[in-house]
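Q: quick one, fold the following:
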Amino acid sequence: MREKDNFEMVINLRKIATGKRTNRLGRALKEIRSKIIRHFGADRVVIDPLVVKSLSTNGYDKIKSRIRVVVSKLDEKTYLVKLAIKSE
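A: Now for the predicted structure:
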């Protein structure tokens, strides 16, 4: 299998919006972390604070329905999740 050092992916968070309003941001972060662990086999996932700020721009209870992130390999089984910014 090809090694994934830098990888861009879109994570769908639509199911999170159906639950309780008070903990939507926390569940969204857990979902992002679990997707990275599942796809990359990571032991440790570091999420950039800019991702958290981007998710909660409308408040902690009104999160975005999907987010585009770039996953970078830091160490063996350690990955960094950053916000993907489109270059025009």
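
Q: contacts and neighbour counts: CA atoms only from here.
A: Noted.

Q: top strand in the protein by residue count?
A: When the chain is parsed with DSSP state E, its longest strand is strand 66-75.

Q: identify the residues contacting it?
A: The contact list for strand 66-75, computed with CA atoms under 8 Å, 6 or more residues apart in numbering, reads 4-14, 55, 79-84.

Q: one more: stretch 45-55?
A: Outside stretch 45-55, the residues that touch it by CA under 8 Å, 6+ apart are 25, 29, 33, 36-37, 63-64, 67, 78-83.

Q: what comes up buried for it?
A: Neighbour counts using 16 or more other CA atoms under 10 Å place 45, 47, 51-52, 55 of stretch 45-55 among the buried residues.

Q: now, which of these sits nearest K20?
A: Nearest to K20 among the buried residues of stretch 45-55: L55, at 16.4 Å, using CA to CA.

Q: could you look up the SS state of the residue nearest in space to the middle of the chain?
A: Nearest residue to the geometric centre of the chain (CA atoms, centre = their mean): I32, 3.7 Å. Following DSSP: H, G, I helix; E, B strand; the rest coil, the label given to I32 is helix.

Q: that one against M9, yeah?
A: No. Here I32 does not reach M9: they are 10.6 Å apart, not a contact under CA atoms under 8 Å.
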